[in-house]
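> Starting from these lines, generate the structure:
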Amino acid sequence: MSVYLDYNASGLVRPEVQEIMAKALADNGNPSAVHAAGRRARARIETARAQVADLVGADPTAIIFSSGGTESNAQAIHSALAAGCERLIVGATEHPCVAEAAAVSGVPVEVLPVDADGVLDLAWLADALARPGRAVVAIHHANNESGVIQPIAEAAALARAAGGWLHVDAIQSAGKIPVTMRVLGADSLTLSAHKLGGPQGVGALVLRDGVSAVRILHGSGQERGLRAGTENVPGIAGFGVAADCAARDLDAAMAHVAWRDAAEAKVKAAGATVIGGAVERLPNTLFMAVEGWDSPQQLITLDLVGVMVSAGSACSSGKVKPSKAISAMGLHHLATGGVRVSGGWGTTEADWTRFADAWVMAWDKHKARLQERAKEIA
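So this is what the prediction gives:
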């Protein structure tokens, strides 16, 4: 039986989500219509809006549904620039959708460095914010590869003191650790359903009170005129239920810490380096690397024995290129050998154990092959 440990890429869809989506698909009226089917569709959207808002301690009116995190991150950046920001400060380990949106924004972009553990350099940020020009600071709450949790509240205080706008990509952290708009101090925040056990292709932008957004998709007046296009009612309904389940299961998510740490001890003993292991991480995430065994080879080897993991960002999986997170931390010799293991609502302790045992066995075999080749060459 296969083991799925790639929840940071996309969580398995929860049974409760499948059920609500099936009901919505069977009664698929247009939510802008005034007839009974349309009103039922509208009710599903507004119920989901309240559920998603509850997950992050926001008012339902602050939620703008979208096609996913990529769209919502782009809308947040556009909105900040429209509000008068003149430059961008982007974390060195940000997801490509944030880094690329910044790169094409038309304003100067500075890269906020991280230390050897992958944590943002707040002193650098303070100096950067002191320079002329109102800035958008775009940082993720937790890194999608390493799971390292960033000091968001401290960054928010710096941005607020400088009159800046803090945008937080909470796509990886929401549903795994507590995420509250007020506590984080974010001006805008993004979420994605499929990281929570919801469907792919649905996300949300969340706005702080007093902050407004500009639309990047034009047409009719859906989402209070801020995101045109007929809403994905089944997907949004599934998003809402996934958010509800994730909030309910937050305490249970902490069980992964002990399971992950036991697996981590095994792979470290075998010679792996744990990325970000010295600082606070998401409870479900283990990011590790070895020198001399590229990520794709590791993934294929593990997949052949029924263990599904990834090389880091799903947007980069399958491409033989260095890990952005590992490179930003200065561990260049390990950057092509990273493996990310991430559990979720359907993961058991036995799954973590199976991964660790399979990886150690495969690594031992790989080293033996390298030794044989070295003997042949000699």
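> CA only for contacts and neighbour counts going forward, please
OK.
> the helices in the stretch 1-150 of the chain, which residues?
Under the criterion DSSP state H, counting those that start in this stretch, the stretch 1-150 of the chain contains helices at 15-26, 36-55, 69-82, 96-103, 122-129.
> Which of these has the lowest mean pLDDT?
Ranked on mean pLDDT, the bottom entry among the helices of the stretch 1-150 of the chain is helix 96-103, at a mean of 93.
> Could you export that helix as CSV, CA atoms only?
This file holds the C-alpha atoms of helix 96-103, laid out as CSV (Å, rounded to 0.1, in the frame of the first residue of the first chain):
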residue,chain,number,x,y,z
PRO,A,96,7.9,31.6,-7.1
CYS,A,97,4.4,33.1,-7.6
VAL,A,98,5.3,36.0,-5.2
ALA,A,99,8.8,36.4,-6.5
GLU,A,100,7.7,36.5,-10.1
ALA,A,101,4.7,38.8,-9.4
ALA,A,102,7.2,41.2,-7.8
ALA,A,103,9.6,40.9,-10.7
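> Between helix 69-82 and that helix, find me the angle.
Angle of helix 96-103 versus helix 69-82, following axes from the mean of the first three to the mean of the last three CA atoms, to 10 degrees, is 30 degrees.
> Could you dump the helices of the stretch 1-150 of the chain into JSON lines and include mean neighbour count and distance to residue 303?
Shown next, in JSON lines, are the helices of the stretch 1-150 of the chain (neighbours: other CA atoms under 10 Å; distance: least, CA to CA, whole Å):
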{"stretch": "helix 15-26", "mean neighbour count": "16", "distance to residue 303": "25"}
{"stretch": "helix 36-55", "mean neighbour count": "20", "distance to residue 303": "34"}
{"stretch": "helix 69-82", "mean neighbour count": "24", "distance to residue 303": "28"}
{"stretch": "helix 96-103", "mean neighbour count": "18", "distance to residue 303": "26"}
{"stretch": "helix 122-129", "mean neighbour count": "16", "distance to residue 303": "40"}
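> Export those helices to a markdown table and append columns for distance to residue 154.
Output for the helices of the stretch 1-150 of the chain, formatted as a markdown table (distance: least, CA to CA, whole Å):
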| stretch | distance to residue 154 |
| --- | --- |
| helix 15-26 | 35 |
| helix 36-55 | 22 |
| helix 69-82 | 20 |
| helix 96-103 | 21 |
| helix 122-129 | 8 |
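> and residue 350, how many neighbours does it have?
When neighbours are counted by other CA atoms under 10 Å, residue 350 registers 11.
> and it, what are its phi and psi?
The phi and psi values for residue 350, taken as degrees, to the nearest 10, are phi -60, psi -30.
> going forward, begin numbering at 33 instead of 1
Will do, 33 is the new start, and the previous item becomes residue 382.
> any idea of the pLDDT on it?
pLDDT, residue 382: 98.
> likewise residue 350?
According to the prediction, residue 350 has pLDDT 48.
> ditto for the one 5 residues further on
The predicted local confidence for residue 355 comes out at a pLDDT of 91.
> With the one 10 residues further on instead?
The predicted local confidence for residue 365 comes out at a pLDDT of 92.
> that's a strand at it, yeah?
No - counting by DSSP: H, G, I helix; E, B strand; the rest coil, residue 365 falls outside a strand, being helix.
> Tally up the residues packed near it, please.
Around residue 365 sit 14 other residues, with neighbours defined as other CA under 10 Å.
> can I assume it is in contact with residue 321?
No - with contact defined as CA atoms under 8 Å, residue 365 and residue 321 do not form a contacting pair (9.6 Å).
> before we move on, back to that, how about the helices of the stretch 33-182 of the chain, which one is nearest residue 229?
Closest to residue 229 of those is helix 47-58 (CA to CA; 7.7 Å).
> Off-centre distance for that closest one?
Counting by CA atoms, centre = their mean, to the nearest Å, helix 47-58 is centred 24 Å from the centre of its parent chain.
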